[in-house]
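Trainee: The following block contains a protein sequence and its predicted model.
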Amino acid sequence: MGRGKFKGKPTGRRQFSTPEEMRAGTSASRPRTFKKEVAEVEEERFEEESEEESEEESEKVKGTQGVIEIENPNLAKPKNLKARDLDLEKTTELSRREREEIEKQRAHERFMRLQEQGKTEQAKKDLERLALIRQQRADAAKKREEEKAAKEQKKTEARK
């Protein structure tokens, strides 16, 4: 049964390279000789850029563009970044929620560390309660031993 204009299954699936493959220079979509060609092209581009930079310095800037350099937040930014333009050293800033989540985790870890050391109020109360329970158990064990000893004495006296 025909579906009309569009095919039922996608025929040409894209293969995307991972950042690790991009850094290593190996990917499924490029031939092995591509690295050599890229190296030659980059050398040429570097020479051209150095010439362009010297030309740009001599050109005059129109209006207030040279005086005021403002990055317009509403300006459409390029969506596709090339691998050579990718800045790996640049760290992205965390969002407010991510910062708060990390801060919350650190505070919890700090609290648990103090809790283990017994420095928090809750830990002190727990240790006092634990000491009281241990004392009660020790008293109860002592009392049972005395009762057991008294019972044994009665048995021995009853036999005589």
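Mentor: All right, it came through fine.
Trainee: What is the end-to-end distance of stretch 82-96?
Mentor: End-to-end distance of stretch 82-96: 29 Å, with C-alpha to C-alpha, to the nearest Å as the criterion.
Trainee: can you start the count at 646 instead of 1 from here on
Mentor: OK, 646 is where the count begins now, so the last one is stretch 727-741.
Trainee: where in the chain is pLDDT low?
Mentor: Counting by pLDDT under 70, the chain has low-confidence residues at 646-649, 651-659, 671-684, 686, 690-715, 722-723, 726, 732-735.
Trainee: Run through the helices of it in chain order.
Mentor: For the chain, helices defined by DSSP state H occupy the ranges 664-669, 679-703, 741-762, 766-804.
Trainee: Compare those helices and report which one is nearest to K727.
Mentor: Judged by C-beta to C-beta, the one of those that comes nearest to K727 is helix 664-669, at 10.1 Å. Every residue, glycine included, has its C-beta placed from N, CA and C.
Trainee: Tell me how far E791 lies from K799.
Mentor: Taking C-beta to C-beta, to the nearest Å as the criterion, E791 is separated from K799 by 13 Å.
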